[in-house]
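*Asks:* sequence and computational prediction follow.
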Amino acid sequence: MLSINAYIKRHCQDAWDGPTGSFTGNNRTSVLAFGEGPVSCRVSKLKCKGAVRCSFGDPDLLKDHAHYESNYHDTKDLIIVPTQEMNARAGCLPSSTLEFYRLVMSLPCPYEDEFGRCEGTPVMRKRSKGRSGNSSTPQRDTKEYFIGCSHWTTHARSEDQEGKMSHTYHHIRREAREDLLLQLFSGELDQSDSSLHESLESSCGILLHPAHKFRDGKCVYPHSEDGEVKEGILKAHTCAARLTIYVPEDGLRAIIIPQAEQPHSHPAFPRSKVTYAAEEQYRELWCLVDSTDLSPSKLPHVIHPGLNNKRKKRDLVYDERQRAFPNGLGIGAVMQLFEAERKLPLQDRYIFAASTTSDNAFVIVTLNPELAQYLHATEFVQVDTTFKRVYGDYNEWKVVVWFCRLNTSK
């Protein structure tokens, strides 16, 4: 359960640093502001984490900026529009090529064997069968190369077929220039290429939420300065705003006091932090996963813009799966469910048998008790193993029987 302090922080799009006023903490004081005499309160003192900027940004952009309340026009002019402009410039071939190169170089090889994780690095490999483009894959341009792993060998190919994760393999983006990628991978980038510098900006207008700072601390957009391609360094933009929250012991109310004459020195961020109410609405969808509703509906990000974040939605789904299936979805969980259902009457069971074959394969038998009674009065039995509808390593063996008295299949 969220404390009221954490609930308040969820509704504020800024990033705050400091204790949330835990129930067991010793940071308490008496407050007279509740109109009922001294009230013992938990105290949470928070400091704004500010924002994150690129080293190629205008140092005077936020020089005189100050706000206490959110202003959409400032958010649009200083965050949304500059980001859209940077994304548009990044769509050109040279810029997109540099971005793609940086992306693949940051990804480790996923291959792993008994000696541990592969330590190979991304390399460009020429395709043995010519270009990759064909009519069945219009999204891929005709590329002569692909991105592979320096430790990949023909021997590794046979190992990959045994069910292990393969070595690095990436198709080259359609908008990426292969000649420029070859220069980047060889470490001999032609800095005199005028088309390269014309597509890059010497200034950067991005302003990021502190939670979105990238691990390597570098700007995602390439820049040009003095005829050289350079990477921007992400730097913290400090903010002096302070906030104090007083919460009585009952935890049902709170007083929020911003520090006087200490406004935010950056614009309010777009609504990306999902509120508790929006999370609860998204969780309620779990109650409807087996239902079909053809009526007009809303997409998740219409409820809250933060639900447009795939990672956030994935985390919420994972949490609900953990609640719904605390023992997981493996054979161990199936066996636990089977043992639990053995205590139920036959008509209330779903799993009726669970056994292991001589070759260590698991066989799970599930029956609908109301239909199982017709098995001994059928003309024929039809078994269907054509379609694999079950997630994971399992397969489904579906049995259909024809019951003449009802002239229908069961």
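*Replies:* Perfect, I can see it now.

*Asks:* ramachandran coordinates for the most centrally placed residue in the chain?
*Replies:* Centroid-nearest residue in the chain: Arg311, 1.7 Å away (criterion: CA atoms, centre = their mean). Per-residue torsions, Arg311: phi -60, psi -40 (degrees, to the nearest 10).

*Asks:* how close does it get to Tyr374?
*Replies:* Distance, Arg311 to Tyr374, using CB to CB, to the nearest Å: 48 Å. All C-beta atoms are positioned from the backbone trio N, CA, C, and that covers glycine.

*Asks:* helices of this protein, residue ranges please.
*Replies:* 4-11, 72-75, 81-90, 93-106, 154-160, 178-186, 194-198, 276-284, 300-303, 310-324, 331-341, 369-372 (DSSP state H).

*Asks:* export those helices to a markdown table and tack on distance to Lys49 and mean pLDDT?
*Replies:* Formatted as a markdown table, the helices of the chain follow (distance: least, CB to CB, whole Å; pLDDT from 0 to 100):
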| stretch | distance to Lys49 | mean pLDDT |
| --- | --- | --- |
| helix 4-11 | 11 | 80 |
| helix 72-75 | 17 | 84 |
| helix 81-90 | 19 | 77 |
| helix 93-106 | 24 | 85 |
| helix 154-160 | 44 | 53 |
| helix 178-186 | 34 | 91 |
| helix 194-198 | 35 | 71 |
| helix 276-284 | 20 | 84 |
| helix 300-303 | 25 | 78 |
| helix 310-324 | 19 | 86 |
| helix 331-341 | 41 | 88 |
| helix 369-372 | 58 | 79 |
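
*Asks:* which residues touch the residue nearest to the centre of the chain?
*Replies:* Contacts for Arg311 (CB atoms under 8 Å, 6 or more residues apart in numbering) come out as none.

*Asks:* what are the boundaries of the strands in the stretch 101-250 of the chain?
*Replies:* Per DSSP state E, counting those that start in this stretch, the stretch 101-250 of the chain carries strands over the ranges 112-113, 116-117, 122-126, 145-149, 207-208, 218-225, 228-237, 242-248.

*Asks:* closest to Arg342 out of those?
*Replies:* Smallest distance to Arg342 across the strands of the stretch 101-250 of the chain (CB to CB): 39.0 Å, for strand 112-113.

*Asks:* which neighbours does the closest one have in its sheet, and in what orientation?
*Replies:* With DSSP bridges as the criterion, the sheet partners recorded for strand 112-113 are strand 116-117 (antiparallel).

*Asks:* any residues touching the partner strand, and which ones?
*Replies:* By CB under 8 Å, 6+ apart, strand 116-117 touches Pro108, Cys109, Tyr111.

*Asks:* per-domain residue ranges of this protein.
*Replies:* Following automatic domain parsing, the chain resolves into domains at 54-237, 277-324, 331-409.

*Asks:* wait, which of the ones you listed is closest to His11?
*Replies:* Taking the domains of the chain one by one with CB to CB, domain 277-324 is closest: 8.7 Å.

*Asks:* what's the span of the closest one from first residue to last?
*Replies:* 20 Å (CA to CA, to the nearest Å).

*Asks:* what of stretch 173-188?
*Replies:* End-to-end distance (CA to CA), stretch 173-188: 21 Å.
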